[in-house]
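# Test case, fold it:
(one chain, ligands or ions: 1)
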Amino acid sequence: MSVVAENLRWGVRRKIIVSDVSLSVAPGETLGLIGPNGSGKSSLLRLLAGLRRPASGRVEINGQDIAGVARKALSRHVAFVQQSAATDTNVSVEDVVRLGRTPHRSALAGWSEGDEAAVTDALQRVGMTSRRTQAWQTLSGGERQRVHIARALAQAPQVMFLDEPTNHLDIHHQIEILRMVRDLDLTSVIALHDLNLAAMYCDRIVVLQDGQIHACGTPEEVLTPQLLKDVFRVSAHVDASADAGRPHIRFSAG
Ligand SMILES: Nc1ncnc2c1ncn2[C@@H]1O[C@H](COP(=O)(O)OP(=O)(O)OP(=O)(O)O)[C@@H](O)[C@H]1O
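This is a model prediction of the structure:
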């Protein structure tokens, strides 16, 4: 499914937070969203996912304006992995992942074999099968993050928005999760702080600054020393890595 945003604007009181953002994501593409703290990444993701209404502009998913689509209908296709989602504390890991099936179930339908299979598959994909019955509140930060990703996977979405999905994860799981999202047959938009991970796993990257798109293109086109200086205020060398020629950033210490 494609995602298209046209002239999105959103703000709070007089403060403009997302300003005239237009972008498009092709079916199956992985788009990275990078930018300094407070540049509007989370706000833009929420607009794209229909969790927030823009003051003006529109978002189309699969050619349909999401303003006219009910939340439950939208969540049959669209999943959102929040930065630090709060979850009711008195639940098990599998209870959390089961919530991902909610959009697919009617009030009268029981829990089906298909629902169970989706939960089992999602837990397996994030390496949490053995924790299935563990209490949610006893998980570590990174384990919670993986369970939230499993909940989104259980939703069987065709579009996935992820807000810094790797920020609590060790390097092994950061790579595992991003590789998995890239290899899944879905369209994804991922806000990331780690620029080298964005370079490795995203087909294209959008750079936000002060709520506006500063640059958009392939990792090679976007991640230049000049852009890193202008937007992120750091000095860096950018090498072509051995990994399919994707850029690799080396930050200067001094
Ligand atoms: N509901 C709100 N009310 C007031 N200000 C808000 C609101 N939501 C976001 N902001 C402000 O908008 C700006 C963008 O926030 P946002 O969370 O989208 O940035 P971000 O790029 O995701 O940041 P970070 O990298 O730190 O997670 C910030 O200055 C934030 O304080």
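
# Just the element for the residue positioned nearest the centre of the chain, please.
Here the mean C-alpha position of the chain is nearest to the C-alpha of Leu162 (C-alpha atoms, centre = their mean), at a distance of 1.5 Å. Using DSSP states H and E, Leu162 maps to strand 159-163.

# With Leu8 instead?
Residue-wise, Leu8 maps onto strand 3-12 under DSSP H and E.

# returning to what we had before: what's the spacing between the residue nearest to the centre of the chain and Trp111?
Per C-beta to C-beta, to the nearest Å, Leu162 is found 27 Å from Trp111. (Each C-beta comes from the backbone N, C-alpha and C, glycine too.)

# hmm, back to that, show me the contacts for the residue nearest to the centre of the chain.
Contact analysis of Leu162 by C-beta atoms under 8 Å, 6 or more residues apart in numbering lists Phe80, Val81, Ile149, Ala152, Val181, Ser188, Val189, Ile190, Ala191.

# tell me the contacts of the second one?
Meaning Val81. Applying C-beta under 8 Å, 6+ apart, the residues near Val81 are His148, Ile149, Ala152, Met160, Phe161, Leu162, Asp163, Pro165.

# What score does the residue nearest to the centre of the chain have for pLDDT?
Here the pLDDT value assigned to Leu162 is 96.

# Can you name the residues bridging to it?
Beta bridges link Leu162 to Val81, Ile190, judged by DSSP bridges.

# Repeat that for Trp10.
Residues in beta-bridge contact with Trp10 (DSSP bridges): Val18.

# burial measure for it, as a count.
Trp10 is flanked by 21 other residues according to other C-beta atoms under 10 Å.

# With the one 4 residues further on instead?
The number of residues packed around Arg14, counting by other C-beta under 10 Å, is 5.

# Please report the distance of it from the ligand.
11 Å (C-beta to the nearest ligand atom, to the nearest Å).

# Pull the contacting residues for that residue.
Counting by C-beta under 8 Å, 6+ apart, Arg14 has no contacts.

# tell me the strands in the stretch 51-200 of the chain, going along the chain?
Under the criterion DSSP state E, counting those that start in this stretch, the stretch 51-200 of the chain contains strands at 56-61, 64-65, 78-81, 159-163, 187-191.

# can you redo these as TSV with distance to Ala5?
Below are the strands of the stretch 51-200 of the chain laid out as TSV (distance: least, C-beta to C-beta, whole Å):
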stretch	distance to Ala5
strand 56-61	5
strand 64-65	11
strand 78-81	14
strand 159-163	12
strand 187-191	10
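
# now these in CSV, with distance to the ligand?
Formatted as CSV, those follow (distance: least, C-beta to the nearest ligand atom, whole Å):
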stretch, distance to the ligand
strand 56-61, 16
strand 64-65, 23
strand 78-81, 14
strand 159-163, 7
strand 187-191, 6
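
# and Ile175, which of these is closest to it?
Nearest to Ile175, of all those, is strand 187-191, at 13.4 Å by C-beta to C-beta.

# tell me the mean pLDDT for the closest one?
97.

# now stretch 113-125
93.

# cool, stretch 129-144 as well?
91.

# Could you shift the numbering so residue one becomes 51, and keep it that way?
Shifting the count to begin at 51 puts that one at stretch 179-194.

# Enumerate the residues of this structure near the ligand.
The chain comes close to the ligand at residues Val62, Ile67, Gly85, Asn87, Gly88, Ser89, Gly90, Lys91, Ser92, Ser93, as judged by C-beta under 6 Å from any ligand atom.

# hmm, 8 Å instead?
Proximity of the chain to the ligand (C-beta under 8 Å from any ligand atom) is limited to residues 62-63, 65, 67-68, 85-96, 133, 213-214, 241, 243, 258, 261.
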